[in-house]
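Chemist: Prediction below, plus the sequence it came from.
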Amino acid sequence: MRSDVPILCVDNEPDSVEMTLMWLKTKGCEAISVATCEEALELFETQKFELCIVDYRMPDLTGIELCQKARQKWPTMQFILNTADVRQEVQTQAAIAGMHFLPKPTDLDLLHDVVNGIVHCT
């Protein structure tokens, strides 16, 4: 996995984001986290991220709404919707928004495959 890929994790569940961050860092990735979508949008203004891993249910916006707002300014940014809400409606909305869908609890092997596919790793 490329270590030069800046990744932002957006999740208000500390255990979930901690596990994802630890895993990404063990793979050599540059990863940080925020707890709200508004914090993510503010951070996007000052830092470049190639990938954003976001939960669906957030206190301010949904992860899908974050993706839609961010892509207005940064159309090439990639998103993974990592959520326990596996309803078909959510999966369909994510697909329409151009997001990758990854259910919780997070399967780290699947996360590895999805992240590698997005950042074109070998």
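Modeler: Perfect, I can see it now. Here the structure is a predicted model, which means the values were calculated and not measured.
Chemist: Identify the residue nearest the geometric centre of this structure.
Modeler: residue 53 (0.9 Å; Cα atoms, centre = their mean).
Chemist: does that one belong to a helix or a strand, and which?
Modeler: Applying DSSP states H and E as the criterion places residue 53 in strand 51-54.
Chemist: Who are the packing partners of that strand?
Modeler: For strand 51-54, the elements it packs on are strand 6-10, helix 37-46, helix 63-73, strand 78-83, helix 108-119, judged by 3 or more Cβ pairs under 8 Å, 6 or more residues apart in numbering; DSSP states H and E. No exception for glycine: its C-beta is placed from N, CA and C like everyone else's.
Chemist: in this protein, what spans have low per-residue confidence?
Modeler: Residues of the chain that meet the criterion pLDDT under 70 lie in 1-4, 120-122.
Chemist: at 80 instead, please
Modeler: Applying pLDDT under 80 to the chain flags the ranges 1-5, 119-122.
Chemist: returning to what we had before: spit out the contact partners of the residue nearest to the centre of the chain.
Modeler: The contact partners of residue 53, by Cβ atoms under 8 Å, 6 or more residues apart in numbering, come to 7-11, 20, 79-80, 82, 102.
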